[in-house]
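Peer 1: Show me the folded form of this:
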Amino acid sequence: MVEKSLIQVYMGSSDKFHFAPLGLGLRASGQNLHTLIICFAPHKLMDAAITASSILKPNLVIDHSAIEGMHIGEKFMKDKVLDSFQTAKNAALTGNFDIVILNGVLQVMNQEIISLEDILTLMGKKSDNVELVFSGSSAPEDIIKKADLVTEMVEHGPTLKPEKENTARNKGTIEVITGNGKGKTTYCLGKAMLKSCLGTRSSILQFIKSPKPYGEVKAIEKFPLLEIRSMGEGFLDLYTTDPQKKHVDAARQAWKECLKEIFSLKYGLVVLDEIDNAIHYGLVNPERVREMLFLKPEKLSLILSGRNAHPAVMDAATTVIEMKEIKHPFTKGIKARMGIEF
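Peer 2: Below is the predicted model:
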């Protein structure tokens with residue numbers, strides 16, 4: 001059961017697929033919570049999502065009934081969408097799942113297949129024990145007002161000059177996931193999970209989190225091509241200008257291990273989770289990171305996440321995604337919850 005269940009909304013103005021809800025499902029499964037994800041928008045990694053669901057069952061169920069046989073850009077089939085919405089509604093009202101995610105539902109709502117009133121009614125009547133999550137395109141103000149957490153994903157696109165952009169893409173993609181909104185780490189978890197299910201050996205290196213049995217750590221043990229290492233010392237004082245020696249030493253060691261994995265040629269994707277935070281606090285040199293981005297193995301893709309991404313790092317990226325905080329439950333004194341935040 002989720003402690004203090006809330007309503008989350010992940011929205012964005014672009015058509016870019018949002019991996020955060022899938023990462024949330026991964027983390028939750030590691031804490032033995034049960035998540036239902038109803039997908040309302042087709043995406044390129046649907047086969048990978050099916051594989052992930054089979055690995056994590058019964059803790060993660062991903063339902064593609066609404067988009068079965070549908071390709072990106074095709075029109076939604078109204079009957080299938082309404083049937084899937086009813087499935088999600090029943091799960092949210094009965095409490096048979098701890099988390100119910102309606103992935104991409106805001107798109108079909110904006111196309112008037114599902115009404116705004118239907119969404120608002122579901123928000124008001126959901127079981128008190130169910131975490132309810134909506135994702136998709138821009139949400140109306142009525143939904144934002146009723147939600148506890150709202151994050152807007154903004155894709156800033158390639159930051160490189162055209163000639164450098166082509167060179168970087170030939171060497172694999174470099175994504176920077178930054179911003180003050182929630183969903184950065186879960187975005188990384190979700191994308192790494194799906195990539196590994198497609199056969200890409202992937203590694204997640206966490207620069208701030210200390211080695212503890214977080215939900216994602218326990219869940220990832222079930223994936224043969226996905227690894228995770230937490231190499232930090234935990235909480236950092238947001239207002240410090242002089243981090244404790246233990247944080248400095250841990251970050252230095254983490255950076256050494258990071259370079260080993262990046263240049264080992266063993267991986268197709270490496271996630272450097274919260275490295276932006278480590279750079280911001282002076283624990284990792286941004287110029288060394290930028291240098292690594294241009295020297296990395298040709299086919300390796302990288303994701304660098306965390307608040308306050310350094311300009312030198314963003315300048316070397318092929319894509320920068322900002323998670324903008326619209327609403328955050330921490331401002332109401334709601335603490336991190338097992339299976340949701342850790």
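Peer 1: Determine how far the last residue of stretch 309-317 lies from the first.
Peer 2: 11 Å (C-alpha to C-alpha, to the nearest Å).
Peer 1: nope, stretch 328-342 is what I meant
Peer 2: Stretch 328-342 has an end-to-end distance of 16 Å (C-alpha to C-alpha).
Peer 1: Kindly report the same for stretch 40-59.
Peer 2: OK, stretch 40-59 end separation, C-alpha to C-alpha: 20 Å.
Peer 1: tell me which residues of that stretch are tucked away?
Peer 2: Buried residues in stretch 40-59, counted by 16 or more other C-beta atoms under 10 Å: 40-43, 45-46, 48-49, 51-53, 55-56, 59. Bear in mind the C-beta positions are built from the backbone N, C-alpha and C, glycine included.
Peer 1: How about stretch 218-230?
Peer 2: 219-220, 223, 225-230.
Peer 1: again with stretch 27-43
Peer 2: In stretch 27-43, counting by 16+ other C-beta under 10 Å, buried: 27-31, 33-43.
Peer 1: Can you flag which of these belong to helices?
Peer 2: Under the assignment DSSP state H, the buried residues of stretch 27-43 contribute 27-30 to helices.
Peer 1: of all those, which comes closest to Tyr281?
Peer 2: Arg27 (24.2 Å; C-beta to C-beta).
Peer 1: which residue ranges form the strands in the stretch 51-200 of the chain?
Peer 2: Secondary structure of the stretch 51-200 of the chain (DSSP state E, counting those that start in this stretch): strands at 60-63, 99-103, 131-136, 149-157, 174-178.
Peer 1: contacting residues around the second one?
Peer 2: Right, the one you point to is strand 99-103. 2, 18, 21-22, 24-25, 28, 33-41, 85, 88, 91-92, 126, 130-136, 339-340 (C-beta atoms under 8 Å, 6 or more residues apart in numbering).
Peer 1: Can I get it as CSV, trimmed to CA atoms?
Peer 2: This file holds the C-alpha atoms of strand 99-103, laid out as CSV (Å, rounded to 0.1, in the frame of the first residue of the first chain):
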residue,chain,number,x,y,z
ILE,A,99,-0.6,2.6,-8.6
VAL,A,100,-2.7,3.2,-11.7
ILE,A,101,-1.0,5.0,-14.5
LEU,A,102,-2.9,6.3,-17.6
ASN,A,103,0.0,6.8,-19.9
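Peer 1: List the neighbouring strands of that strand plus their orientation.
Peer 2: Sheet pairing for strand 99-103, assigned by DSSP bridges, gives strand 35-39 (parallel), strand 131-136 (parallel).
Peer 1: would you list these in TSV and tack on mean pLDDT and distance to Pro297?
Peer 2: TSV is the format used below for those (pLDDT from 0 to 100; distance: least, C-beta to C-beta, whole Å):
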stretch	mean pLDDT	distance to Pro297
strand 35-39	97	33
strand 131-136	97	33
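Peer 1: Turn those strands into a markdown table, including distance to Lys299.
Peer 2: Formatted as a markdown table, those follow (distance: least, C-beta to C-beta, whole Å):
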| stretch | distance to Lys299 |
| --- | --- |
| strand 35-39 | 29 |
| strand 131-136 | 30 |
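Peer 1: closest one to Glu325 among those?
Peer 2: It's strand 131-136; of the strands paired with strand 99-103, that one is closest to Glu325 (C-beta to C-beta) at 15.9 Å.
Peer 1: what inclination does the closest one have with respect to strand 149-157?
Peer 2: 30 degrees (axes from the mean of the first three to the mean of the last three C-alpha atoms, to 10 degrees).
Peer 1: Spatially, which two of the buried residues of stretch 218-230 are the most separated?
Peer 2: Within these, two members stand farthest from each other by C-beta to C-beta: Leu225 and Ser230, at 18.9 Å.
Peer 1: can you tell me which of the buried residues of stretch 40-59 are in helices?
Peer 2: With DSSP H as the criterion, helices contain 46, 48-49, 51-53, 55-56 from among the buried residues of stretch 40-59.
Peer 1: what kind of secondary structure is the residue lying closest to Cys188 once chain neighbours are set aside in?
Peer 2: Counting by C-beta to C-beta, 6 or more residues apart in numbering, the nearest residue to Cys188 once its immediate chain neighbours are dropped is Val271, at 4.7 Å. Secondary structure state of Val271, per DSSP: H, G, I helix; E, B strand; the rest coil, is strand.
Peer 1: wouldn't Val271 be in contact with Ile204 here?
Peer 2: Yes. Counting by C-beta atoms under 8 Å, Ile204 is a contact partner of Val271 at 4.3 Å.
Peer 1: Neighbour count for these two, which is higher?
Peer 2: Counted by other C-beta atoms under 10 Å, Val271 and Ile204 do not tie: Val271 has more neighbours, with 28 against 25.
Peer 1: and the buried residues of stretch 40-59 as JSON lines, adding pLDDT?
Peer 2: What follows is the buried residues of stretch 40-59, written out as JSON lines (pLDDT from 0 to 100):
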{"residue": "Phe40", "pLDDT": "94"}
{"residue": "Ala41", "pLDDT": "86"}
{"residue": "Pro42", "pLDDT": "86"}
{"residue": "His43", "pLDDT": "85"}
{"residue": "Leu45", "pLDDT": "91"}
{"residue": "Met46", "pLDDT": "92"}
{"residue": "Ala48", "pLDDT": "97"}
{"residue": "Ala49", "pLDDT": "96"}
{"residue": "Thr51", "pLDDT": "98"}
{"residue": "Ala52", "pLDDT": "98"}
{"residue": "Ser53", "pLDDT": "97"}
{"residue": "Ile55", "pLDDT": "98"}
{"residue": "Leu56", "pLDDT": "98"}
{"residue": "Asn59", "pLDDT": "98"}
